[in-house]
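Asks: I'll drop the sequence and a predicted model, then ask my questions.
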Amino acid sequence: MAVVNKNELENVENEVELVFAVADNLTAKLVKGWAKGERKTFLESHLESYKAALLVSSDKADKLLDNIVNLWFAKFHWSIPVSQPYLYKPLLIPVGPDGFEILTDEQAQLKKDVIKRMRMSSGFLDRTSPRNDAFDESHDP
């Protein structure tokens, strides 16, 4: 992502606003079978470490889950709906000199909601782990 000045930011914001009209796709509830292809492979690659962390403590599992979610968004940009192919281009979001995305308040809230949804969808990992007493299959990829 490129560093932009304020004038460029205004132009980009107009384009980005159109794409954010599909925000419902980014925050829709994840239902069984949602993860496919690269996304499913990514999640499956973290199952064993998550199982091991759960056997140690729920705190350790929560910390690992945070790490998995961070890795997820490093691989799959938060602005790409899970229904889109892996190579789908993310939104053109300007980045400041500090390396952080420059977001409007609405965009920042949407990003938080997308991250929260992913964090709360850990049911896939929970279902396949040793402690699966109360699993909600609606989160299963």
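Replies: That came through, no problem.
Asks: CA atoms for contacts and neighbours, from now on please.
Replies: Will do.
Asks: Quick check: next helix or strand after the helix or strand of the chain with the lowest mean pLDDT?
Replies: One helix or strand of the chain scores below all others by mean pLDDT, DSSP states H and E: helix 6-19, with a mean of 51. For helix 6-19, the succeeding helix or strand toward the C-terminus, using DSSP states H and E, is helix 23-27.
Asks: From the contact counts, what lies against that following helix?
Replies: helix 105-120 (3 or more CA pairs under 8 Å, 6 or more residues apart in numbering; DSSP states H and E).
Asks: what comes up buried for the helix it packs on?
Replies: 107, 110-111, 113-115, 117-119 (16 or more other CA atoms under 10 Å).
Asks: likewise stretch 35-46?
Replies: When burial is assessed from 16+ other CA under 10 Å, stretch 35-46 yields the following buried residues: 35, 39, 42-43.
Asks: which of the residues you listed sit farthest apart?
Replies: Largest separation among these by CA to CA: 35 and 42, giving 9.3 Å.
Asks: how near is residue 32 to residue 68?
Replies: 19 Å (CA to CA, to the nearest Å).
Asks: who has more neighbours, the two?
Replies: Neighbour comparison, residue 32 and residue 68: the larger count goes to residue 68, with 18 against 14 (by other CA atoms under 10 Å).
Asks: Checking my notes, the more buried one in a helix, right?
Replies: Yes: under DSSP: H, G, I helix; E, B strand; the rest coil, residue 68 falls within a helix.
Asks: I'd say it and residue 46 touch.
Replies: Yes: checked against CA atoms under 8 Å, the pair residue 68 and residue 46 is within contact range at 7.4 Å.
Asks: Can I get the buried residues of helix 105-120 in TSV including distance to residue 58 and pLDDT?
Replies: Shown next, in TSV, are those (distance: CA to CA, whole Å; pLDDT from 0 to 100):
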residue	distance to residue 58	pLDDT
107	32	88
110	28	91
111	26	92
113	23	92
114	23	90
115	20	91
117	19	88
118	18	87
119	15	84
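Asks: Compute the number of surrounding residues for the residue nearest to residue 91 when sequence neighbours are not counted.
Replies: Once flanking residues are discounted, residue 91 sits nearest to residue 79: 6.0 Å by CA to CA, 6 or more residues apart in numbering. The local packing of residue 79 (other CA under 10 Å) involves 23 other residues.
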